[in-house]
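Visitor: Take a look and give me a structure for this.
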Amino acid sequence: METKEQRINAIRLQCHEKKFHAFGYSYLYTCRAKIYEKRLQIINYAGLVVPLFIGGYVMTYGTETTKLLLIIGGGILLLQLIFSALALIYKWDEELAYSIESAREHSSLYQDFNELGSRPPSNYDEILSRFSILIERDRSRSMQDLKHDVGEKMKIKGMRWSLREFQRKCVGCDTIPYDMNKTNCPVCGKY
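Guide: Below you'll find the predicted structure:
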């Protein structure tokens, strides 16, 4: 029969395992948010700067020498239009918002699992109750994340980030990563 202390320690170990994964997911959704943010910034930049530049040029120098400028600017705006259509079709703005939300929730889960694992209450019922709530939050977030899957390569990158942060050995290559450089390891390096 397990003692109260053994049951509490078992929950603490699970908390530390869950915080490891939450930390990695927080990182990869943050990376994903940066990707979408950069894409949308480029689209917005091209859509704003090119017409302003052409308009300013025409207002300053007139329309006599603008043929080449209009050809170049028109080409850039055509590309911007294509990427704007892609952004609408693939809902980059929604993916950006979701990635930010998911990164925040995983970061919160990391902190809460860390807190519960590091400083658990002495009452078993209380730690079990708090752990159950965290597990449910984690399960709910995981179910939502399935709709916005990050892909296997990003998961490997998140794994490497967590292994590096917590100084754990990778089960694939049996080394502790000290940087985020790619390696040949299928568990922590091929992303």
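
Visitor: Skip the chain neighbours and tell me the closest residue to Ala103.
Guide: Nearest-residue entry for Ala103: Tyr29, 3.8 Å, with adjacent residues in sequence omitted and distances by Cβ to Cβ, 6 or more residues apart in numbering. Yep, even glycine has a C-beta here, placed from its N, CA and C like the rest.

Visitor: where's that neighbour relative to Phe23, distance?
Guide: To Phe23, Tyr29 is 11 Å away according to Cβ to Cβ, to the nearest Å.

Visitor: So for those two, which sits in the more crowded spot?
Guide: More neighbours surround Tyr29 than the other of Tyr29 and Phe23, with 25 against 21 (other Cβ atoms under 10 Å).

Visitor: I figured the more buried one hits His106, correct?
Guide: Yes: using Cβ atoms under 8 Å as the test, Tyr29 is close enough to His106 to be in contact (6.3 Å).

Visitor: how much space is there between Asn44 and Lys157?
Guide: The span separating Asn44 from Lys157 equals 27 Å under the rule Cβ to Cβ.

Visitor: So which of these two has more stuff around it?
Guide: Lys157 (22 against 13).

Visitor: circling back: quick check: which element contains the residue nearest to Ala103?
Guide: If you go by DSSP states H and E, Tyr29 is part of helix 4-61.

Visitor: residues contacting the residue positioned nearest the centre of the chain?
Guide: Within the chain, one residue has its C-alpha closest to the average C-alpha position: by Cα atoms, centre = their mean, that is Tyr29, at 1.0 Å. Residues in contact with Tyr29 (Cβ atoms under 8 Å, 6 or more residues apart in numbering) are 99-100, 102-103, 106, 150.

Visitor: Now the helix holding Tyr29: average pLDDT?
Guide: Model confidence over helix 4-61, given as mean pLDDT, is 95.
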